[in-house]
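Chemist: 3D model of this:
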Amino acid sequence: MKESYFSNKLLSSEIRENFRMLFYVNAVSAGTTTVIEKETKRIVKPSPRYKVLLHNDPVNTMEYVVLTLREVVPQLSEQDALAVMLEAHNTGIGLVIICDIEPAEFYSERLNSKGLTSTIEKEN
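Modeler: Numbers count the residues shown, from 1 in each chain. Alright, predicted model coming up:
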């Protein structure tokens with residue numbers, strides 16, 4: 001018999017079997033042999049990812065931008081922060097990090113509050 005409605009992991013196997021037997025006896029005594037079974041399928045959809053973008057900053061020094069990136073996004077090494085700053089300096093926009101929406105909003109707001117220009121956009 002496939003796992004049925006009573007396959008809750010909180011119930012021991014003995015209790016589940018007792019429920020199955022009770023359900024089956026009641027169904028047979030009612031004149032029917034229909035046993036309702038329900039399969040549960042869980043579909044896990046990955047959450048969308050967002051890019052935190054740093055825009056070129058002609059006002060602040062390069063050292064300040066690197067220090068601020070490392071302070072706001074602790075995962076960035078000094079080398080990574082330097083690469084982001086140079087990318088923004090040379091191309092106009094640098095990719096800081098790709099993450100879920102809430103951390104992306106947090107990082108962007110923190111960078112903006114420190115005088116840098118940052119935006120977020122959905123990853124393709």
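Chemist: now the helices for the chain?
Modeler: Taking DSSP state H to define them, one finds helices in the chain at 13-29, 62-72, 78-91, 101-113.
Chemist: what residues does the third one touch?
Modeler: So the one you mean is helix 78-91. For helix 78-91, contacts defined as CB atoms under 8 Å, 6 or more residues apart in numbering pick out 54-57, 62, 65-67, 69-70, 73, 76, 93-96. The way it works is simple: take the backbone N, C-alpha and C, and place the C-beta from them, glycine included.
Chemist: and the nearest residue to T68 once chain neighbours are set aside, how far is that from L54?
Modeler: Using CB to CB, 6 or more residues apart in numbering and skipping the chain neighbours, the partner closest in space to T68 is K114 (4.9 Å). Using CB to CB, to the nearest Å, K114 is found at 11 Å from L54.
Chemist: looking at these two, which is more packed in?
Modeler: A count of neighbours by other CB atoms under 10 Å puts L54 above the other of K114 and L54, at 28 against 16.
Chemist: who's in contact with the more buried one?
Modeler: Counting by CB under 8 Å, 6+ apart, L54 touches 65, 69, 84-85, 88, 93-96, 111, 116-118.
Chemist: for V96, give its distance to L82.
Modeler: Using CB to CB, V96 is found at 12 Å from L82.
Chemist: what about the two, which has more around it?
Modeler: A count of neighbours by other CB under 10 Å puts V96 above the other of V96 and L82, at 28 against 17.
Chemist: contacts only, for the more buried one.
Modeler: V96 makes contact with 51-54, 69, 73, 76, 84, 107, 111, 118 under the criterion CB under 8 Å, 6+ apart.
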